[in-house]
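In: When you get a sec, could you give me coordinates for this:
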Amino acid sequence: MIAVDTNLLVHAHRADSPSHAPAVAAMQRLAGLAGGWALPWPCAHEFVAVVTGRAYGAARSPTAAALDALDAWLAHPRCRPLAETARHAAVLRGLLERAGAAGVAGPAVHDARIAAICLEHGVAELWTSDRDFARFPDLRVRDPLIPALHEPPPAAYAVTGR
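Out: Numbers count the residues shown, from 1 in each chain. Model (predicted):
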C-alpha cells in the first residue's frame, strides 16, 4: 500500500500549482492500484489547513472546496484512511530516538508522526516531495512528481528542439 503526503494532495487540488498536472497523474495512478492507497489523517488535516490558509491570500481555497476534495479522496473505494494505533507511542519514540543527530524536533515531529502511522500500518511507500522524510530510513519514500527510470517521462520532461 502507498500512502500520500500533504504536498501531493495540495498540488493535485491547486490548479495554479506548477506541479498540478503531474500530481493529478500520480493520484490517478494511485486510484488504479489493486492494493489500494492510504491517506494518513494528519496529512488530511494539514491539506485542509494549507489550501485554506494565508499562504494563498485571496486565492486560498474555500473551506467547503477543500473538504469536498478530501471527501472525494476518502470516498475512493481503494483509499484507506490511517490513524495512530495502540503501538503509536513506541513507534514514534523509536523514530525520534534513531534520528538522533538529525535532530528531529519542533515541526519535524509532525513528519515523524506521519512516518510512524505509515509504519504502524505496514505502508510500503510514502509518496511525498518532502525530503525531510529521509530522516526516517525505516520508511521507503518516493517523489512521484519526478519520474523513475522505468517510467516514461511526462510531457514536461520531454526534450524538444532537436
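In: The helix-or-strand element of the chain with minimal mean pLDDT: which residues count as buried?
Out: Every helix and strand in the chain was compared by mean pLDDT, DSSP states H and E; the lowest is helix 88-99, with a mean of 91. Residues of helix 88-99 classed as buried by neighbour count (16 or more other Cβ atoms under 10 Å): 91-92, 94-96, 99. No exception for glycine: its C-beta is placed from N, CA and C like everyone else's.
In: so where do the helices sit in this structure?
Out: Shown for the chain, the helices assigned by DSSP state H span residues 6-13, 20-31, 41-51, 63-75, 88-99, 108-120.
In: what's in contact with the third one?
Out: Going back to what we said before, that points to helix 41-51. 3-6, 9-10, 13-14, 60-61, 63, 66-67, 69-70, 74, 81-83, 110, 113-114, 117 (Cβ atoms under 8 Å, 6 or more residues apart in numbering).
In: Now do it, average pLDDT.
Out: For helix 41-51, mean pLDDT rounds to 97.
In: For the remainder of this discussion, apply numbering that starts at 698.
Out: Okay, using 698 as the starting number, the last item reads as helix 738-748.
In: Go through that helix and flag the buried ones.
Out: For helix 738-748, a neighbour-count test (16+ other Cβ under 10 Å) marks 739-741, 743-745, 747-748 as buried.
In: Kindly report the same for the fourth one.
Out: Along helix 760-772, the positions that meet the burial threshold by neighbour count (16+ other Cβ under 10 Å) are 763, 766-767, 770.
In: Ok, the shortest one next?
Out: Buried residues in helix 703-710, counted by 16+ other Cβ under 10 Å: 703-710.
In: hmm, back to that, what does the least confident helix or strand of the chain rub up against?
Out: Helix 785-796 has contacts (Cβ under 8 Å, 6+ apart) with 801, 806, 809-810, 812-814, 816-817, 832-835.
In: Kindly give a single PyMOL line that selects the buried subset of those residues.
Out: For the buried members of the contacts of helix 785-796, the matching PyMOL selection, counting by 16+ other Cβ under 10 Å, is:
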select buried, resi 801+809+810+812+813+814+816+817+832+833
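In: Closest one of the contacts of helix 785-796 to Met724?
Out: Ile814 (19.6 Å; Cβ to Cβ).
In: surely that closest one meets Arg777?
Out: No - judged on Cβ atoms under 8 Å, Ile814 makes no contact with Arg777 at a distance of 11.6 Å.
In: Fine, thanks again, bye for now.
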